[in-house]
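K.L.:
Provide a 3D model corresponding to the input given below.
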Amino acid sequence: ATTVDRRTWHTSWVSSAGLVLMGGYSGYTTEAVPAGWAQFSLAQDTKYACAISTKDYTIITGGVDTQKVVAKYDLQGHIQNMPALTQGRYCHGCGSYFSGDTKVLIVAGGWDGISRLSSTEQLFTGAAAWTPAKPLPRALSSVASVSLDNRVFLTGGSDNDGTDRAEILMFDGEDWTEVGQLQKGRSSHAATTINTANLGCD
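P.N.:
Numbers count the residues shown, from 1 in each chain. Predicted coordinates:
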């Protein structure tokens, strides 16, 4: 199968209807994979962004031309713009966790157009603004991120020397901790979670 539009630096969403690709250098377009049919148009030309998703909706944070924009979408299209990021960023990591019964969104690292960032900020559900959280141990861009077991994990990334890092960093709602190493340093990569029970693993 091939995509309808050529895409680089797009975001993806595993929705209730399947995989949806959004934005990138195709501009405002989205499409379902492998079906190939168009979904909806993005409210902004969005690339180098990071998406925080559930099966029912996705929240796209930042982007090279949308550095402070936080936009929520469902399969029908744009729902609303949420409170803007305090620090504009792209090529960053993102995720979510629960603090008690409250869902918290988090963004970390990336570029601001001039330099790499170590800053982290979070948005509690219902809050009017993002607030600072513990920064990364170093400035990083082009990381990959996943949310798992009420934690946010960042893998790899490029540091201020342009070195591809191998660290796996975990945010537990309070601080970032190094919890492992990739076999090889990498940046501008992707990461996902898998259910090992479906693989027949012991």
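K.L.:
is it true that residue 117 touches residue 139?
P.N.:
Yes: at 5.8 Å, residue 117 counts as touching residue 139 under the criterion of C-beta atoms under 8 Å. (Glycine included, C-beta is placed from N, CA and C.)
K.L.:
what about those two, which has more around it?
P.N.:
Between residue 117 and residue 139, residue 117 has the larger neighbour count (other C-beta atoms under 10 Å), namely 23 against 18.
K.L.:
Find the centremost residue of this structure, please.
P.N.:
The chain has residue 50 as the residue nearest its centroid, 2.9 Å off, counting by C-alpha atoms, centre = their mean.
K.L.:
Least confident secondary structure element in the protein?
P.N.:
When each helix and strand of the chain is scored by mean pLDDT, DSSP states H and E, strand 30-33 comes last, with a mean of 91.
K.L.:
what's the offset of it from the middle of its chain?
P.N.:
Taking C-alpha atoms, centre = their mean, to the nearest Å, one finds strand 30-33 lying 18 Å from the centre of the chain it belongs to.
K.L.:
I'd assumed residue 96 was in contact with the residue nearest to the centre of the chain.
P.N.:
No: counting by C-beta under 8 Å, residue 50 does not reach residue 96; the two are 11.4 Å apart.
K.L.:
Disregarding residues adjacent in the polypeptide, which is nearest to the residue nearest to the centre of the chain?
P.N.:
residue 94 (3.9 Å; C-beta to C-beta, 6 or more residues apart in numbering).
K.L.:
Show me what counts as buried in stretch 162-177.
P.N.:
Buried residues in stretch 162-177, counted by 16 or more other C-beta atoms under 10 Å: 164-165, 167-171, 176.
K.L.:
So which of these belong to strands?
P.N.:
Counting by DSSP state E, those place 167-171, 176 in strands.
K.L.:
Could you pull up phi and psi at the residue nearest to residue 50?
P.N.:
Per-residue torsions, residue 94: phi -160, psi 170 (degrees, to the nearest 10).
K.L.:
burial measure for it, as a count.
P.N.:
Residues lying near residue 94 (other C-beta under 10 Å) number 28.
K.L.:
what sits against it?
P.N.:
Residue 94 sits next to 50-52, 61-62, 105-108, 145, 152 when contact means C-beta atoms under 8 Å, 6 or more residues apart in numbering.
K.L.:
now swap in residue 155 and tell me
P.N.:
Counting by C-beta under 8 Å, 6+ apart, residue 155 touches 143-146, 167-169, 182, 186, 189, 191.
K.L.:
which one of the residues you listed has the most neighbours?
P.N.:
Most neighbours among the contacts of residue 155, by other C-beta under 10 Å: residue 143, with 28 neighbours.
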